[in-house]
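Visitor: what follows is a predicted protein model with its sequence.
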Amino acid sequence: GPKVLQIPSHQIIDMGQMVTLNCDPVSNHLYFYWYKQILGQQMEFLVNFYNGKVMEKSKLFKDQFSVERPDGSYFTLKIQPTALEDSAVYFCASSFASSNSDYTFGSGTRLLVI
Amino acid sequence: AQKVTQTQTSISVMEKTTVTMDCVYETQDSSYFLFWYKQTASGEIVFLIRQDSYKKENATVGHYSLNFQKPKSSIGLIITATQIEDSAVYFCAMREGMPNYNVLYFGSGTKLTVEP
């Protein structure tokens, strides 16, 4: 079936540096999401994005986080500056509509902040 | 407060048996959607099955079925004829109506091990 691609699969970065996580959603999907999963724990909602705008965000979506999807390019999550507690697996997802649509998840980007 | 709760941390079953994983949820909405996903050892998250709150019939897809008990706010996942490759972590999730209709709330997951 259609897939969400995430690049890179792994990233190690020094604390305080900037990192950009890239997501290529399913081509006809309109809604995009980021979720954060700390090792062995549940996935937690960060943000969703539709029509060029953030629709909802959680408390985990700190001021250091930003998302965008410039036309025809990746849906990105940028963290600037990074902190140790940002170490986690970040999952991108997309869906066609907002009602009862199923999400398609990417395979995640494992971010380690050292 | 947790919106979605999975109390079983891990379950181990023998191959070809049936397993049920529990999930309870909390919502004030009259219309909501319930999902089960599985996360494989590689980290991939795969959608399994969905139950719409307004539907009385339990959803069934392949060897997955749901036990939807609306008065108890419960949505159990039943896997029949389990296979080794069903070993994974299973997450229950819920999506409510407005205003947060685009947010999926996940439970903490149940690790299923299917043994030969």
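Guide: Here it is on my side, so go on.
Visitor: which bits of chain A sit near chain B?
Guide: Contacts of chain A with chain B, taken as Cβ under 8 Å from any Cβ of the partner chain, map to A:31, A:33, A:35, A:41-45, A:48, A:50, A:55-56, A:58, A:89, A:91, A:93, A:98-100, A:102-105, A:107-108, A:110. The C-beta positions use only the backbone N, C-alpha and C, and glycine is treated the same way.
Visitor: just the buried ones from the residues you listed?
Guide: Listed as buried from the residues of chain A next to chain B are A:31, A:33, A:35, A:42-45, A:48, A:50, A:55-56, A:58, A:89, A:91, A:93, A:100, A:102-105, A:107-108, A:110; burial here means 16 or more other Cβ atoms under 10 Å in any protein chain shown.
Visitor: inside helices: which ones of the residues of chain A next to chain B?
Guide: Using DSSP state H, no member of the residues of chain A next to chain B falls within helices.
Visitor: what's near enough to touch whichever residue of chain A sits closest to chain B?
Guide: At 3.9 Å from chain B, A:F105 is the closest residue in chain A, using Cβ to the nearest Cβ. Shown in contact with A:F105 (Cβ atoms under 8 Å, 6 or more residues apart in numbering or on different chains): A:4, A:35, A:91-93, B:37, B:44-47.
Visitor: ok, now A:E44?
Guide: Going by Cβ under 8 Å, 6+ apart, the list of residues near A:E44 reads A:35-37, A:58, A:60, B:106.
Visitor: so what sits opposite it in the bridge?
Guide: A:K36 (DSSP bridges).
Visitor: likewise for A:T20?
Guide: Applying DSSP bridges, one finds that A:T20 bridges with A:K78.
Visitor: returning to that earlier point: what sits closest to the residue of chain A closest to chain B if chain neighbours are left out?
Guide: B:I45 (3.9 Å; Cβ to Cβ, 6 or more residues apart in numbering or on different chains).
Visitor: I'd assumed A:F91 was in contact with the one you found.
Guide: Yes - under the criterion of Cβ atoms under 8 Å, B:I45 makes contact with A:F91 at 6.5 Å.
Visitor: now the common contact residues for those two.
Guide: A:43, A:105, A:108.
Visitor: put together TSV for the residues you listed, with distance to B:A81 and pLDDT on each row.
Guide: Putting those into TSV (distance: Cβ to Cβ, whole Å; pLDDT from 0 to 100) gives the following:
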residue	distance to B:A81	pLDDT
A:M43	28	90
A:F105	26	93
A:G108	29	94
